[in-house]
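Enquirer: next comes the sequence, and after it the predicted model I'd like to discuss.
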There are 2 protein chains.
Amino acid sequence: MPRSGTATRQNILDAAQAIILQRGFAGASIDRIITGAGITKGAFFHHFPNKAALAEAVISRFIDAEAALFKDICIRAERLSDDPVQQALNIIGLYADALDNHPEVVEGCLYASVALQRSEYPDEVSKIAADSIDQTTAQLRPYFDAAIRAAAPRKKINADDLADMFISVGEGAIISAAYRKDPSIPGRQFRTLKAQLELLFGR
Amino acid sequence: MPRSGTATRQNILDAAQAIILQRGFAGASIDRIITGAGITKGAFFHHFPNKAALAEAVISRFIDAEAALFKDICIRAERLSDDPVQQALNIIGLYADALDNHPEVVEGCLYASVALQRSEYPDEVSKIAADSIDQTTAQLRPYFDAAIRAAAPRKKINADDLADMFISVGEGAIISAAYRKDPSIPGRQFRTLKAQLELLFGR
DNA sequence: GTAACTATACCAACTAGTCTGTTATGTAAA
DNA sequence: TTTACATAACAGACTAGTTGGTATAGTTAC
């Protein structure tokens, strides 16, 4: 058995993600990444056939982590209450809590990075990022739909716009956090959103 | 007097902004920009001493336009009503209208571009972008403050978080719009926000 | 034994920026 | 009215360094 390369691979992905969020994908040169990871060019191309494959690996890992977090939050929200309104509110509250525990959000978000450099990332990467956003809103929509049906909201509102609002607040708050260098902003923004939806659903 | 170069300069800025929003700042090479603008390298470096100066010009122009739009909206909102709550709501509504008339928002936002490529842009550019964001929230905060004092909101909320929410929804909605290729999203998101604040202030 | 590396040399394409020239347009003296 | 001239607006070849990627020969840990 040869030695495992998984640590080195993670090392590369970590360095790549950090540099991509600081300098963009084009600015994240392979030389900078291998310097950041403390390895050589030979090691890099042993793990990734080219830069496009690296991009796909970085984004995929990020997306998988986000999807896992989101699914976990949905499960916990359902466990906390049977009431559809409370479930929807809990998803937002739990997401706020999760962001509080991840101060590295001030570094930025790879979803936003892909959106703002569509033509620089490989097409495949743009596609899987877009699919992941679609999947997240599709998962979220039923919760808001159920809440709207259960509570007769005080303002005419639809689940699509609420699901979009969830994504928008998340992405936008991370940009605000980056400007202010304040990692508490995303959590606070989701709690502000939660308070507004409590009113909307009469809580 | 020699011929005027202002049209060429605008041409360069337009091409640069479009390419920056598609590929990031590092991906927006001078060769790509001059090809996009249909000019030569000599013309480019006649107008800008280096790439950093171009970045500053592009961002400054964007910031000035945003600031002018925002100021205009504030003035119109104040004219529409003397009621502080209505003024705050009108700002959001007028901003939604303005976004409806600018379908190019799906291309992205330079504020977000700078935030997500801090280390690639010249320091001066990051600084003026951050200052501009600070100034916008500082202008917005008094409106929300006045509304809170006038209306005793139904949820405990502060003007800082509301001003941040305005920025977050704006930035986030543009990212959502880019993913969905739907320029109607930002306007709809601001209207959703407005509906929530109407409830908050008892309207 | 074999995969996981290090180290280094190399390449073609691209990068920001420089350089030397050329062209358009207005001013003013002859 | 022509002609000379000043000056900004360009054109395009050129350079030194960087880019992503390849090649190759040896070393290390399981």
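Expert: Okay, I see it.

Enquirer: in which helix or strand would I find the spatially most central residue of chain A?
Expert: The centre of chain A sits closest to A:Glu66, judged by Cα atoms, centre = their mean, with a distance of 5.1 Å. Using DSSP states H and E, A:Glu66 falls within helix A:51-80.

Enquirer: buried stuff in that helix?
Expert: Neighbour-count burial for helix A:51-80 flags A:51, A:54-63, A:66, A:70, A:73-74, A:77 (criterion: 16 or more other Cβ atoms under 10 Å in any protein chain shown). Backbone N, C-alpha and C define where each C-beta goes, glycine included.

Enquirer: immediately after the one helix or strand A:Ala112 maps to, which helix or strand?
Expert: For A:Ala112, the element it lies in under DSSP H and E is helix A:110-115. On the C-terminal side of helix A:110-115, the closest following helix or strand by DSSP H and E is helix A:123-151.

Enquirer: one step back: packing partners of the helix holding A:Ala112?
Expert: Judged by 3 or more Cβ pairs under 8 Å, 6 or more residues apart in numbering or on different chains; DSSP states H and E, helix A:110-115 is in contact with helix A:6-27, helix A:51-80, helix A:123-151, helix A:159-180, helix B:159-180.

Enquirer: out of these, flag the one nearest DNA strand D.
Expert: When these are compared by Cβ to the nearest atom of the strand, helix A:51-80 sits nearest DNA strand D, at 3.3 Å.

Enquirer: now what about whichever helix or strand comes after that closest one, what contacts it?
Expert: In the C-terminal direction, the helix or strand that comes right after helix A:51-80 (DSSP H and E) is helix A:84-100. When contacts are defined by Cβ atoms under 8 Å, 6 or more residues apart in numbering or on different chains, helix A:84-100 is touched by residues A:69-70, A:73-74, A:76-78, A:80-81, A:105, A:140, A:143-144, A:146-147, A:149-151, A:166, A:170, A:173, A:184, A:186-191, A:193-194, A:197-198, A:201, A:203.

Enquirer: give the buried residues for helix A:84-100.
Expert: Neighbour counts over helix A:84-100 (16+ other Cβ under 10 Å) mark A:84-96, A:98-100 as buried.

Enquirer: quick one: the nearest residue to A:Gln189 once chain neighbours are set aside and B:Gln86, what's the gap?
Expert: Distance criterion Cβ to Cβ, 6 or more residues apart in numbering or on different chains; nearest residue to A:Gln189, sequence neighbours excluded, is A:Ala173 at 4.0 Å. From A:Ala173 across to B:Gln86, the span is 27 Å (Cβ to Cβ, to the nearest Å).

Enquirer: enumerate the residues of chain A near DNA strand C.
Expert: Within chain A, the positions adjacent to DNA strand C are A:1-5, A:7-9, A:39-43, A:46-47 by Cβ under 7 Å from any atom of the strand.

Enquirer: how about a cut-off of 10 Å?
Expert: A:1-12, A:26, A:31, A:34, A:37-47 (Cβ under 10 Å from any atom of the strand).

Enquirer: buried subset of these?
Expert: By 16+ other Cβ under 10 Å, these give A:Thr8, A:Arg9, A:Asn11, A:Ile12, A:Ala26, A:Ile34, A:Ala37, A:Ile39, A:Ala43, A:Phe44, A:His47 as buried.

Enquirer: surely the third one touches A:Ile34?
Expert: Which is A:Asn11. No - between A:Asn11 and A:Ile34 there is no contact under Cβ atoms under 8 Å: 10.0 Å.

Enquirer: hang on, the earlier thing: so which of the buried ones among the residues of chain A next to DNA strand C reach chain B?
Expert: A:Ala26 (Cβ under 8 Å from any Cβ of the partner chain).

Enquirer: quickly check the buried ones among the residues of chain A next to DNA strand C for the two that are furthest apart.
Expert: Greatest spatial distance in these: A:Thr8 and A:Ala26, 24.2 Å, computed using Cβ to Cβ.

Enquirer: which residues does A:Ala43 contact?
Expert: Listed by Cβ under 8 Å, 6+ apart, the contact partners of A:Ala43 are A:Thr8, A:Ile12, A:Ile34.

Enquirer: same question, A:Tyr179
Expert: Contact partners of A:Tyr179, counting by Cβ under 8 Å, 6+ apart, are B:Tyr111, B:Ala115, B:Ala129, B:Ala130, B:Ile133, B:Asp134.

Enquirer: among the residues you listed, which one has the most neighbours?
Expert: Per-residue neighbour counts (other Cβ atoms under 10 Å in any protein chain shown) across the contacts of A:Tyr179 peak at B:Ala115, which has 27 neighbours.

Enquirer: in this structure it contacts A:Ile175, no?
Expert: Yes - B:Ala115 lies in contact with A:Ile175 (Cβ under 8 Å); the separation is 4.7 Å.

Enquirer: pull the number of nearby residues for the closest residue to A:Gln117 other than its chain neighbours.
Expert: Distances taken as Cβ to Cβ, 6+ apart place B:Gly24 nearest to A:Gln117, at 4.2 Å, with adjacent residues excluded. Neighbour count for B:Gly24, taken as other Cβ under 10 Å: 28.

Enquirer: still on that earlier bit, intersection of neighbour lists for B:Ala115 and A:Ile175?
Expert: In contact with both B:Ala115 and A:Ile175: A:Gly108, using Cβ under 8 Å, 6+ apart.

Enquirer: for chain A, give me the ranges with low pLDDT.
Expert: Along chain A, segments meeting pLDDT under 70 span A:1-3.

Enquirer: repeat that with 80
Expert: Within chain A, the ranges that satisfy pLDDT under 80 run A:1-5.

Enquirer: so which bits of it are right by DNA strand D?
Expert: So chain A meets DNA strand D at A:1-4, A:23, A:25-35, A:40-46, A:48-55, A:122 (Cβ under 10 Å from any atom of the strand).

Enquirer: fine by me, we can end here.
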